[in-house]
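1. this one's structure only:
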């Protein structure tokens, strides 16, 4: 049950900002770099899993308007980083920075899930299996999104004769523009 809730929450809940972040996060990688993408997505999931546990146990509590703004900021930052990427091969040192950033940004995105998850877990006696199942569902949903976006990228690159670097820039510029709008609309200190 919680697996499906996690999967649906990512893929079908209208969490477009989370889907946009995943798209921009993976835009810098070609389909041949799937192992790096798996590590990247798993790092992100570990980050938001930590925050979900802490928030569900009421050990952290960040106002929704701040977490929503920060989520938009993670999209902006990731897209901006991608735009300045110089070539398709990412050096190992940069990969480690990206994995660490994905983990950190996952902490922020977990805040966006926390209120939703607190509401559905409120009646559970044990949180371990429901949290684990929910996070595995989220991870599966993210992989589904990555596969879909990779497929779209391969098709569009073939149709329009785009290099992977140009696809990265197109997707990242689009993500950056949407992130700016989201940040403006979600600015918590108005």
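-> Perfect, thanks for sending it. The structure presented is a predicted model; accordingly, all values stated were derived computationally and were not measured.
2. Quick one: residues in contact with stretch 177-190.
-> Residues from elsewhere that reach stretch 177-190, judged by Cβ atoms under 8 Å, 6 or more residues apart in numbering: 17, 20, 63, 65-66, 68-69, 71-73, 75-76, 79. Every C-beta, even on glycine, is put in place using the N, C-alpha and C of the backbone.
3. Select the longest helix from this structure.
-> Counting by DSSP state H, the longest helix found in the chain is helix 128-160.
4. Please point out which parts of the helix or strand just after that helix sit buried.
-> Counting by DSSP states H and E, the next helix or strand C-terminal to helix 128-160 is helix 164-186. Across helix 164-186, burial judged by 16 or more other Cβ atoms under 10 Å covers 164, 167-173, 175-176, 178-179, 182-183, 186.
5. tell me the residue furthest from the middle of this protein?
-> residue 125 (29.3 Å; Cα atoms, centre = their mean).
6. quick one: contacts for that one?
-> Contacts of residue 125 (Cβ under 8 Å, 6+ apart): none.
7. how far away is it from residue 35?
-> Distance, residue 125 to residue 35, using Cβ to Cβ, to the nearest Å: 39 Å.
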